[in-house]
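In: Show me how the following folds:
(one chain, ligands or ions: 1)
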Amino acid sequence: MEWKNNIGVYLETSDGRLTSLSVELLGKARQLADARPNQVLGILAGDNLEAAAQEAIAYGADGVALLQAPALASFDAALYTEAVAKALSLYTPSVLFIGASPNGRDLGGRLSARLDAGLVADCTDVRYEGEDDTLTWIRPAYTGKLFVKIQTTTRPQLGTVSDKIFHGNPKDESRQGEIFPVSLEGVTGDAAVKMLDFTSLEQLKDVLALDTADLVVGAGRGVQNEEGMREVQSFAKRIGAAFGVSKPLVDAGWAPYEWQVGVTGKKIAPKIYIALGISGAIQHKLGIQEAGLIIAVNKSPDAPIFQFAHYGIVGDLFDVMPELEKLLKKD
Ligand SMILES: Cc1cc2nc3c(=O)[nH]c(=O)nc-3n(C[C@H](O)[C@H](O)[C@H](O)COP(=O)(O)OP(=O)(O)OC[C@H]3O[C@@H](n4cnc5c(N)ncnc54)[C@H](O)[C@@H]3O)c2cc1C
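Out: Have a look, this model is predicted:
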């Protein structure tokens, strides 16, 4: 099988398994490939990745370029750029999807510079509009007020995409694919990053939960101060919800950036989002619009959030919270 002009997906792993974002990108790549038809190539860099390569095939890849070396055991942007560039030169995909994780963004920018290829960042959709292999990428502009269509003329067409934009396919263990170990000869360079400390995923559990939780409570400037925010946070904990905040709470230094929900924070898609004291600015809305059900509590009946929330409660959040808790506990 000749590997040329395929649809490439840069795959990331956590504890030896594909991240949910990588599975989502494989799902979109598979959908585009089936429409043409074309092949999907996963690109995996790291160490001990055989199981992840099989997983990539089960989720839709036809082949996986495996870049394995002890030096790649943890992410180093400079080395990974060289390694992934080598795989791209061998298998010449026409497009490369990259997850907009912190490492993915770093890699995407570096690959763009290294290959002199255009990169479209933070896309919310991608499609073929013509007959050739040119993809149209869609992304928000002007802080989400407009959506723009972008095409790149260079190859591979590089694009980064955040979590929960696309849907992964169900795992199909019966799918067959090829795994190509890529020789890393010629991939040189001293690690640009020296790891001094390591925070296990377990310690970041609260942050991760925000990405994947079915129930999320969001706190906005209506909490008044840091103490108010802590009250909302402990309410979230008591009802078994993950906790997120609007940008002003991060700007005030009350919450870390990892908790921010919105266009410049996390885009989340829980089954239920309870917004407490959040006005519903477009930049926040873009982070929660995929939620199944939005319940907003705001003391102003004119708050913009009531225009898109499924349920709205006009009242002081500190009065409403205990009532909501009683109701939730009753069920
Ligand atoms: C480039 C850019 C990027 C941005 N990115 C993001 C982003 O990613 N995420 C984000 O959230 N914002 C973002 N913003 C900021 C955004 O524009 C809004 O300023 C922000 O979302 C407002 O946060 P808020 O709703 O908490 O505060 P406010 O707009 O001040 O709203 C507070 C609300 O609380 C209500 N309230 C007050 N007291 C109570 C009470 N006791 N009980 C109930 N309700 C009460 C008020 O009626 C009001 O509606 C961005 C802005 C820019 C320019």
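In: thinking residue 118 is in contact with residue 155, fair?
Out: No: Residue 118 lies out of contact with residue 155 (Cβ atoms under 8 Å); the separation is 9.3 Å. For the C-beta atoms, the positions are set from N, CA and C on the backbone; glycine is no exception.
In: which residues touch stretch 303-314?
Out: The contact list for stretch 303-314 (Cβ atoms under 8 Å, 6 or more residues apart in numbering) reads 275, 278-281, 285, 289, 293-301, 320.
In: what residues are up against the closest residue to the ligand within the stretch 201-331 of the chain?
Out: Taking Cβ to the nearest ligand atom, the ligand has its nearest neighbour within the stretch 201-331 of the chain at residue 262, 2.1 Å off. By Cβ under 8 Å, 6+ apart, the contact set of residue 262 is 246, 247, 283, 284, 285, 286, 287, 288.
In: can I get those in JSON lines with pLDDT and secondary structure?
Out: Shown next, in JSON lines, are the contacts of residue 262 (pLDDT from 0 to 100; DSSP: H, G, I helix; E, B strand; the rest coil):
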{"residue": "246", "pLDDT": "97", "secondary structure": "coil"}
{"residue": "247", "pLDDT": "95", "secondary structure": "helix"}
{"residue": "283", "pLDDT": "93", "secondary structure": "helix"}
{"residue": "284", "pLDDT": "97", "secondary structure": "helix"}
{"residue": "285", "pLDDT": "96", "secondary structure": "helix"}
{"residue": "286", "pLDDT": "93", "secondary structure": "helix"}
{"residue": "287", "pLDDT": "94", "secondary structure": "helix"}
{"residue": "288", "pLDDT": "96", "secondary structure": "helix"}
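In: By neighbours, which of those residues wins?
Out: When neighbours are counted by other Cβ atoms under 10 Å, residue 246 leads those with 29 neighbours.
In: Now do the SS call for residue 81.
Out: At residue 81, secondary structure determined by DSSP: H, G, I helix; E, B strand; the rest coil is helix.
In: that older thread, now distance to the ligand too, for the contacts of residue 262, in TSV please.
Out: Below are the contacts of residue 262 laid out as TSV (distance: Cβ to the nearest ligand atom, whole Å):
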residue	distance to the ligand
246	3
247	3
283	3
284	4
285	9
286	8
287	6
288	9
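In: tell me the contacts of the nearest residue to the residue of the stretch 201-331 of the chain closest to the ligand once chain neighbours are set aside?
Out: Spatial nearest neighbour of residue 262, excluding adjacent residues (Cβ to Cβ, 6 or more residues apart in numbering): residue 287 at 3.9 Å. By Cβ under 8 Å, 6+ apart, residue 287 lies in contact with 261, 262, 263, 265, 266, 267, 268.
In: Could you check how far residue 287 is from residue 247?
Out: 10 Å (Cβ to Cβ, to the nearest Å).
In: Now list whatever residues contact both of these two.
Out: 262, 265.
In: Enumerate the residues of the protein near the ligand.
Out: Contact residues, the chain versus the ligand (Cβ under 6 Å from any ligand atom): 143, 220-222, 246-248, 260-265, 277-279, 281, 283-284, 287, 297-300, 303, 316-318.
In: So which of those residues belong to strands?
Out: Using DSSP state E, the subset of the residues of the chain next to the ligand located in strands is 297, 298.
In: who does the helix or strand harbouring residue 65 pair up with?
Out: Residue 65 is located in strand 63-68, with elements delineated by DSSP states H and E. Strand pairing for strand 63-68, using DSSP bridges, gives strand 40-46 (parallel), strand 178-181 (parallel).
In: one step back: redo the contacts of residue 262 as TSV? Include distance to residue 160.
Out: Formatted as TSV, the contacts of residue 262 follow (distance: Cβ to Cβ, whole Å):
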residue	distance to residue 160
246	24
247	21
283	19
284	22
285	22
286	16
287	17
288	21
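In: which residues touch the residue of the stretch 1-150 of the chain found nearest the ligand?
Out: Nearest residue of the stretch 1-150 of the chain to the ligand: residue 143, at 4.3 Å (Cβ to the nearest ligand atom). By Cβ under 8 Å, 6+ apart, the contact list for residue 143 reads 263, 282, 283.
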